[in-house]
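**Student:** requesting a structural model of the entry that follows:
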Amino acid sequence: MTPQELKNSILKRAIEGKLVEQRKEEGTGEELLETIFEEVNSFVKLNSISKNNKHIKTENNEDDFEIPENWGKVKLGEICFLFNGRKETNKSYPYLEVKYLRGNIEPKIKTSGKVVSANTNIILMDGENSGEVFKTSETGYLGSTLKILYIPEILSEKFYLYFLLLNKNYLRDNKKGAAIPHLDKEVFFNLNFPIPPLRALFPCLIPPANFRIPGNPVVNFLSNAPNAPDAVFIAGPTPFITALIALNALEPIYAALDAT
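**Tutor:** Numbers count the residues shown, from 1 in each chain. Take a look at the predicted model:
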């Protein structure tokens, strides 16, 4: 198993709710979904943008994962939007193109364009790496191959981005266009997004050395890996935090695996 396969295994089990115990008192995903739709509808009205109905299929996609009974799911296009920034002129900002965002070039300064604020998620729409997400560190003009990615604030942003990371290969293998491939909005918006119970808070565990969960090979593997950390507890929403902690805290393990 490669480090990337290990990361994907952790994420997939988190999406399936298999890393922690499921509790009835945490409620249902439908409760959270109602709150998400309220936020989405307010966002659409405030920003005068159209919903993604024309891209969303009425039939359900087949999932490659199973979620607990008290979770819900929704098409990504029902809660996510891709759009341009507001137009502005006569003001100097860096041009946020991909090469600059990756630190490969110095910024070009422009005096007009579509403005995007700092700390905004933007997604690459064209090219081999379409579907890649960047977080802006400064206000600037949006690059021509990028769009703003709206994520409902009530959701865990990091889980949402890890969900896209887990589907990176699927999005890459289903791009449109030959000469200049680009993100297929229909494929993107029809991804089935899992919805956990509303505001479920509980301690999540990174397994200490020799820690075991019967039938959970990922946790058992992590606890037996080189430099396995001591147990770390944190309060966070749903099993997604388990995956988040594991991915962030176990980088030394991944590095060691890369070196083998």
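**Student:** just give the nearest non-adjacent residue to P107, would you?
**Tutor:** P94 (3.6 Å; Cβ to Cβ, 6 or more residues apart in numbering). Using the backbone N, CA and C atoms, a C-beta is placed for each residue, glycine as well.
**Student:** burial measure for R102, as a count.
**Tutor:** 11 (other Cβ atoms under 10 Å).
**Student:** where does it fall, phi/psi-wise?
**Tutor:** phi -90, psi 0 (degrees, to the nearest 10).
**Student:** show the pLDDT at the residue nearest to P107.
**Tutor:** We note a pLDDT of 97 for P94 in this prediction.
**Student:** how far away is it from D184?
**Tutor:** From P94 over to D184 the distance is 30 Å, taken as Cβ to Cβ, to the nearest Å.
**Student:** distance of the residue nearest to K168 when sequence neighbours are not counted from I67?
**Tutor:** Once flanking residues are discounted, K168 sits nearest to G131: 6.2 Å by Cβ to Cβ, 6+ apart. G131 is 23 Å from I67, where distance means Cβ to Cβ.
**Student:** which one of the two has more residues nearby?
**Tutor:** Taking G131 and I67 together and counting by other Cβ under 10 Å, G131 has the greater number of neighbours (23 against 19).
**Student:** residues in contact with that one?
**Tutor:** Applying Cβ atoms under 8 Å, 6 or more residues apart in numbering, we find G131 in contact with I123, L124, L164, N167, K168, L171, R172, L183, F188.
**Student:** which strand or helix spans it?
**Tutor:** Assigned by DSSP states H and E, G131 belongs to no helix or strand.
**Student:** and the contacts of stretch 86-94?
**Tutor:** 100, 107-115, 138-141.
**Student:** kindly recompute the last result at 6 Å.
**Tutor:** P107, I109, T111, S112, K114, V115, G140, Y141 (Cβ atoms under 6 Å, 6 or more residues apart in numbering).
**Student:** got the CA coordinates for stretch 163-172 in CSV?
**Tutor:** Provided in CSV are the C-alpha atoms of stretch 163-172 (Å, rounded to 0.1, in the frame of the first residue of the first chain):
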residue,chain,number,x,y,z
PHE,A,163,-13.8,14.8,-0.3
LEU,A,164,-12.7,16.5,-3.6
LEU,A,165,-9.2,15.2,-3.1
LEU,A,166,-10.6,11.7,-2.7
ASN,A,167,-12.4,12.2,-6.0
LYS,A,168,-9.4,13.8,-7.8
ASN,A,169,-8.6,10.9,-10.1
TYR,A,170,-12.3,10.4,-11.0
LEU,A,171,-12.6,14.1,-11.9
ARG,A,172,-9.3,13.9,-13.9
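**Student:** please point out which parts of it sit buried.
**Tutor:** F163, L164, L165, L166, N167, L171 (16 or more other Cβ atoms under 10 Å).
**Student:** for the stretch 51-200 of the chain, which spans come out with low pLDDT?
**Tutor:** 59-65, 198-200 (pLDDT under 70).
**Student:** which stretches of it form helices?
**Tutor:** Counting by DSSP state H, counting those that start in this stretch, the segments of the stretch 51-200 of the chain that form helices are 98-101, 157-166, 168-173, 185-189.
**Student:** and those helices as CSV, adding distance to C80?
**Tutor:** Below are those laid out as CSV (distance: least, Cβ to Cβ, whole Å):
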stretch, distance to C80
helix 98-101, 20
helix 157-166, 8
helix 168-173, 13
helix 185-189, 7
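**Student:** K18: which of the ones you listed is closest?
**Tutor:** helix 157-166 (14.3 Å; Cβ to Cβ).
**Student:** mind giving me the packing neighbours of the closest one?
**Tutor:** Using 3 or more Cβ pairs under 6 Å, 6 or more residues apart in numbering; DSSP states H and E as the contact test, no helix or strand touches helix 157-166.
**Student:** change it to 7 Å
**Tutor:** helix 3-15, helix 240-249 (3 or more Cβ pairs under 7 Å, 6 or more residues apart in numbering; DSSP states H and E).
**Student:** which one of these has the lowest average pLDDT?
**Tutor:** Mean pLDDT across the helices and strands packed on helix 157-166 is lowest at helix 240-249; the value there is a mean of 45.
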